[in-house]
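Chemist: Fold the stuff below for me.
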Amino acid sequence: IRLMAFVWVAQVFNNSEESTDQRKERITQSVAEHAARIPSTLLYARSQNNNHLTSEAAGLYTAALALPDHPQAGKWRRLGIKWLNRSFENQIDETGEYIQHSVNYHRLMLQLALYMNSLTTKSTKGHKGKIKENLREPSCSSWLTKNAQENLALATRWLAELTDPISGNTPNLGANDGAYIFLLANGDFRDFRPVVNAASKNFLGEKFFVDGIWDEMSLWFKVESLWLKEKKNCDLPTLKPSPDTWSSLRITDGNLRLAHADQLHLDLWWRGENITLDPGTYLYNAEAPWDNPLPSTEFHNTVTVNNEDQMTRASRFMYLDWSHGKIVEKTKKQIVAEHDGYRKAGVTHRRAVSFTENTWLVEDNLKSSTLNSYTYRLHWLLPDGGEWKVENKD
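Modeler: Numbering: from 1, shown residues only. Coordinates of the predicted model:
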């Protein structure tokens, strides 16, 4: 990431009076040293199969384009192309969701793809042995496979579907360490519209949101609608019955990257405000009680059985005994889904979310296969400042 930042600023400030030949030489040497360091740890990044692999591949490819006369440039380019494609082919599923089940890491992945495309400018200039002011690959299709392009298009639709059009915010889904590598538009850290608009124009040939200050990122990345225009729709568990309100129900089929036990968690939005919230991560490393407890089921807007998690916590970033969720029924105004995270206790949790006459209705059904007694706990995380009350209706 630091290597990419060096190359980026070397181009942006190339014509500045402060960019002396000596400083250009120093940054060129630093880029070369950074690139030389990456291949030796690429095996670890491959074993992680997450944003580490994607960013290191992008760094190698960047160095190859920036320093084409370097003796290792050919190797860097081949490794970069290979593992960028592997990342985009294998880390994005059939719905468009990124492997880390996190909106923030999903955004980081799309930014890396946008950044790589920004290196394909109209012209190529430069001095031998120094970073080129304008980098160029012949076209996006020359280094990305068709499957990688299709997956990036799906990933763009996935993030757009979960972005609130009024605030630009998204559900605080999954791990979030604050990564936002190219802040190229005015707006809050939680505003995802800059990336969504740039990616949708780049990878789909369209824009999801009206013009605004968030489009500055598209200008910096020199976005052009040159990519494969994939028209598949993401069948996500969202309901958008009116322009004022929408909801997102968390459903996933378990895999090794599940870092939050959040099956059937519900995010509800009204006029740009997140009414029922996802707690996110807050801190990875801290003293108790803030030693990364928020991924647990009890902190999400769902139901716990016998005060247990839906899965077994294996480490700070991973669960085992993966729960499997599925959509049972979906219409324009209702979603019914269930998961088997409490199968050891003999319980299946089914949730129905519907909207009628300005009212959201959430119905939970806990079906038991035994005669045991159970403790069920329903949790809602609501924003500060509201006047909330519970009404008992028989």
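Chemist: Can you give me the end-to-end span of stretch 93-113?
Modeler: 16 Å (Cα to Cα, to the nearest Å).
Chemist: What average pLDDT does it get?
Modeler: On average, the pLDDT along stretch 93-113 is 95.
Chemist: With stretch 223-233 instead?
Modeler: On average, stretch 223-233 scores 62.
Chemist: State the helix or strand in which residue 314 lies.
Modeler: Using DSSP states H and E, residue 314 sits in strand 312-315.
Chemist: quick one: that strand to chain centroid distance?
Modeler: 22 Å (Cα atoms, centre = their mean, to the nearest Å).
Chemist: partners of that strand, with directions?
Modeler: strand 318-320 (antiparallel) (DSSP bridges).
Chemist: which parts of the strand it pairs with are buried?
Modeler: For strand 318-320, the buried set under the neighbour-count rule, 16 or more other Cβ atoms under 10 Å, comprises residue 319. All C-beta spots, glycine's among them, are computed from the backbone N, C-alpha and C.
Chemist: For that strand, what is the distance to the chain centroid?
Modeler: That offset, for strand 318-320, works out to 19 Å (Cα atoms, centre = their mean).
Chemist: What lies in contact with it?
Modeler: With Cβ atoms under 8 Å, 6 or more residues apart in numbering as the test, strand 318-320 has contacts from 256, 257, 258, 259, 260, 261, 295, 309, 311, 312, 313, 314.
Chemist: low-confidence ranges in the protein?
Modeler: Scanning the chain for pLDDT under 70 picks out 120-130, 132-142, 225-233, 393-394.
Chemist: Tell me which stretches of it form strands.
Modeler: 238-242, 245-249, 266-270, 273-276, 303-305, 312-315, 318-320, 325-330, 334-339, 347-356, 359-368, 376-378 (DSSP state E).
Chemist: Among those strands, which comes closest to residue 184?
Modeler: For residue 184, the closest of those is strand 273-276, at 24.8 Å, according to Cβ to Cβ.
Chemist: Pull up the pairing partners for that closest one, direction included.
Modeler: Strand pairing for strand 273-276, using DSSP bridges, gives strand 266-270 (antiparallel).
Chemist: Centre of the chain to the strand it pairs with, how far?
Modeler: The answer for strand 266-270 is 19 Å, by Cα atoms, centre = their mean.
Chemist: and what of stretch 74-87?
Modeler: The chain centroid and the centroid of stretch 74-87 are separated by 22 Å, computed with Cα atoms, centre = their mean.
Chemist: ditto for stretch 153-163
Modeler: Distance, stretch centre to chain centre, for stretch 153-163: 9 Å (Cα atoms, centre = their mean).
Chemist: Of all residues in the protein, which one is nearest the centre?
Modeler: residue 106 (1.4 Å; Cα atoms, centre = their mean).
Chemist: what residues are up against that residue?
Modeler: Residue 106 sits next to 97, 98, 100, 155, 158, 159 when contact means Cβ under 8 Å, 6+ apart.
Chemist: For the third one, grab the count of nearby residues.
Modeler: Pointing back at residue 100 there. 22 (other Cβ atoms under 10 Å).
Chemist: show me the contacts for residue 92.
Modeler: Counting by Cβ under 8 Å, 6+ apart, residue 92 touches 98, 99, 109, 151, 152, 154, 155.
Chemist: Which positions in stretch 149-166 come out as buried?
Modeler: Buried residues in stretch 149-166 (16+ other Cβ under 10 Å): 149-165.
Chemist: swap in stretch 218-226?
Modeler: 218, 220, 221, 223.
Chemist: still on that earlier bit, of all the strands of the chain, which lies closest to residue 286?
Modeler: Here strand 312-315 is closest among the strands of the chain (Cβ to Cβ), at 15.8 Å.
Chemist: Quick one: residues in contact with that closest one.
Modeler: Against strand 312-315 from outside (Cβ under 8 Å, 6+ apart): 261, 295, 296, 319, 320, 321.
Chemist: can you tell me how far the residue lying closest to residue 218 once chain neighbours are set aside sits from residue 215?
Modeler: Closest residue to residue 218 apart from its sequence neighbours, by Cβ to Cβ, 6 or more residues apart in numbering: residue 198 at 4.4 Å. As defined by Cβ to Cβ, to the nearest Å, residue 198 lies at a distance of 8 Å from residue 215.
Chemist: what about the helices in the stretch 1-150 of the chain?
Modeler: Using DSSP state H, counting those that start in this stretch, the helices of the stretch 1-150 of the chain run over 2-12, 21-37, 42-48, 51-66, 73-90, 103-118, 146-161.
Chemist: TSV please, covering those and showing distance to residue 337.
Modeler: As requested, the helices of the stretch 1-150 of the chain are exported to TSV (distance: least, Cβ to Cβ, whole Å):
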stretch	distance to residue 337
helix 2-12	39
helix 21-37	45
helix 42-48	30
helix 51-66	28
helix 73-90	26
helix 103-118	19
helix 146-161	16
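Chemist: Mind checking these for the one nearest to residue 380?
Modeler: Minimum separation from residue 380 across the helices of the stretch 1-150 of the chain (Cβ to Cβ) falls at helix 103-118, 20.7 Å.
Chemist: That closest one vs helix 2-12, what angle?
Modeler: 50 degrees (axes from the mean of the first three to the mean of the last three Cα atoms, to 10 degrees).
Chemist: tell me the angle helix 103-118 makes with helix 146-161.
Modeler: Using the same axes, to 10 degrees: helix 103-118 against helix 146-161 is 130 degrees.
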